[in-house]
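1. give the three-dimensional model of this entry:
(one chain, ligands or ions: 2)
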Amino acid sequence: MSETRELILEAKHVTKRYPASGDRMLTACQDVSLKFYKGKTLGIVGESGCGKSTFMRMVVSLEQPDEGEILFHGRDISRLKGRELRQHRQKIQMVFQDPAEAFSPKMKVMDIICEPLLNFKRIRKSEKEAVARKYLEMVELPGDFALRYPHSMSGGQRQRVGIARALVLEPELIVYDEATSALDVSVQKTIVELLVKLQKEKDIAYGFICHDMALVQSLSHQVAVMYLGSIMEVLPGEKVASGCRHPYTKAMIDAVFDLRMDFDKPIKSIESEAPSPLDLPAGCPFQNRCPRCMEICRREKPALRQIEEDHQIACHLYGQQGEQR
Ligand code: ADP
Ligand code: MG
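-> Ligands and ions are numbered 1, 2, ... in the order given. Predicted coordinates:
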């Protein structure tokens, strides 16, 4: 990605902790720095509970970080309140696994799609049906669906309604949190194609959370690999399979290819359990599962460092220039 890119949103050293039982604190995100560019997709992968949703909830201003900044066009939005927060929220939208769960069963599709516009008084009630038809066509559903109820639709169709609802405010960034994970593989494929098409047409930045490594790398311009609240590696999606360097990313890739290529082979999974986010170890979060763990890894947390253009890694195995130790 050497062409010029327009930075839309930048998270800088963002940390989020939650209170847990017994006066303890759970660290859901630790010192996370990531960038979102216009018209590009940043994918986040990692095991369940590693902090993907927590990070994105801060990006879309549903939660505030305890430390760090979230800069939107250079301005910190992480502490906005009241009217300013409400105005800002229009610019970044989020689509969840099954947005239909959030829809009232009594609302027609046109009400669901147009609700954000009516909330911000950007259209009149009389314009609802026409606007809903336009956005339904954009997500490749018949305009007549405007008059239907969501329970009469399939999961894939409802997800398209969720995407239409995210689009109506014409946001600059849309975050998809496991938005295709509950769908059949064939339906998932058509939704992903739609997302790619919409991104090209509208030049929107995407954040794409998914636990399916193969899907994320196929769709993302950059992929961030997260483990126990920390970013381990960031690299272009097309380089993940051949160019990843972090022992954790490599283990994930091995699992993907073992699964896909040779079902007779035992799946090479990672040794031992992930530690709990309640007792994060000093040093590298991955140390107790890493086949290459060194003495320094138990003492010092590796910082995320640039080793090539578009490639960052947090691992003591690599020196300043990215050479392997
Ligand atoms: P992911 O989306 O990667 O599965 P999450 O961001 O949902 O992970 O969660 C990261 C960690 O933070 C988990 O240990 C989870 O239990 C914890 N967590 C998330 N939200 C809250 C909350 N509101 N209160 C307490 N703990 C939370
Ligand atoms: Mg999640």
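2. does the residue of the chain positioned farthest from its centre count as helix, strand or coil?
-> Computed with C-alpha atoms, centre = their mean, the residue of the chain farthest from its C-alpha average is Ser126, at 35.5 Å. Using DSSP: H, G, I helix; E, B strand; the rest coil, the structure places Ser126 in helix.
3. what does the pLDDT read for it?
-> On the pLDDT scale, Ser126 is placed at 96.
4. which ones are touching Tyr227?
-> Shown in contact with Tyr227 (C-beta atoms under 8 Å, 6 or more residues apart in numbering): 46-47, 50, 248, 274, 285-286. In short, each C-beta sits where N, CA and C put it, glycine included.
5. quick check: which of the residues you listed has the minimum pLDDT.
-> Ala274 (71).
6. sec struct for that one, please.
-> Ala274 ends up coil, using three-state DSSP.
7. with the one 5 residues further on instead?
-> Using three-state DSSP, the secondary structure recorded for Asp279 is coil.
8. could you name the helices and strands sitting against the longest helix anywhere in the chain?
-> In the chain, with assignment by DSSP state H, the single longest helix is helix 185-202. The contact analysis (3 or more C-beta pairs under 8 Å, 6 or more residues apart in numbering; DSSP states H and E) places helix 185-202 against helix 155-167, helix 213-219.
9. wait, which of those is closest to ligand 1?
-> Closest approach to ligand 1 among those is made by helix 213-219 (12.9 Å; C-beta to the nearest ligand atom).
10. what does that closest one contact?
-> Under C-beta under 8 Å, 6+ apart, the answer for helix 213-219 is 41, 43-45, 180, 188, 192, 195-196, 208, 210, 223, 237-238, 240-241, 252-253, 255-256, 260.
11. and those residues, which of them are in helices?
-> Going by DSSP H, the helices hold 188, 192, 195-196, 240-241, 252-253, 255-256, 260 from these.
12. neighbour-wise, which of those residues leads?
-> Within the ones in helices among the contacts of helix 213-219, most neighbours by other C-beta atoms under 10 Å means Val240, with 25 neighbours.
13. can you pull the contacts of that residue?
-> 213, 217, 223, 249, 253.
14. pLDDT for these - can I get that in CSV?
-> Formatted as CSV, the contacts of Val240 follow (pLDDT from 0 to 100):
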residue, pLDDT
Met213, 86
Gln217, 91
Val223, 97
Thr249, 94
Ile253, 85
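15. helix or strand: which one has Pro291?
-> Per DSSP states H and E, Pro291 falls between elements, in no helix or strand.
16. please go through the contacts of Tyr227 and note which also touch ligand 1.
-> 46, 50 (C-beta under 6 Å from any ligand atom).
17. so Asn288: helix, strand or coil?
-> Asn288 - assigned by three-state DSSP - is helix.
18. in the longest helix of the chain, what's buried?
-> 187-188, 191-192, 194-195, 198-199 (16 or more other C-beta atoms under 10 Å).
19. compute the inter-axis angle for that helix and helix 155-167.
-> 20 degrees (axes from the mean of the first three to the mean of the last three C-alpha atoms, to 10 degrees).
20. pull the residues that contact helix 185-202.
-> In contact with helix 185-202 (C-beta under 8 Å, 6+ apart) are residues 39, 41, 138-140, 154-156, 159-160, 163, 167, 170, 176, 179-180, 183, 204, 206, 215, 218-219.
21. how about stretch 125-138?
-> Contacts of stretch 125-138 (C-beta under 8 Å, 6+ apart): 109-111, 113-114, 117-118, 123, 142-143, 145-147, 160-161, 164-165, 167-168, 198.
22. could you find the closest non-adjacent residue to Cys293?
-> Gln287 (5.0 Å; C-beta to C-beta, 6 or more residues apart in numbering).
23. neighbours of the one you found, how many?
-> Other residues near Gln287 come to 19 when the count uses other C-beta under 10 Å.
24. I'd say it and Met294 touch.
-> No: using C-beta atoms under 8 Å, Gln287 is not in contact with Met294; the gap is 9.0 Å.
25. got any ranges where the stretch 151-300 of the chain has weak pLDDT?
-> Applying pLDDT under 70 to the stretch 151-300 of the chain flags residues 257-273.
26. what does it put close to ligand 1?
-> Residues of the stretch 151-300 of the chain lying near ligand 1 (C-beta under 6 Å from any ligand atom): Pro277.
27. residue of the stretch 151-300 of the chain closest to ligand 1, please.
-> For the stretch 151-300 of the chain, C-beta to the nearest ligand atom, closest residue to ligand 1: Pro277, 4.6 Å.
28. need the contact list for that residue.
-> Counting by C-beta under 8 Å, 6+ apart, Pro277 has contacts 26-28, 49, 51, 228-229.
29. the residues you listed: which two are farthest apart?
-> Maximum pairwise distance among the contacts of Pro277 (C-beta to C-beta): 11.7 Å, between Thr27 and Gly49.
30. on that earlier part again, CSV for the contacts of Tyr227, including neighbour count?
-> Shown next, in CSV, are the contacts of Tyr227 (neighbours: other C-beta atoms under 10 Å):
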residue, neighbour count
Gly46, 24
Glu47, 14
Cys50, 24
Tyr248, 24
Ala274, 16
Pro285, 26
Phe286, 25
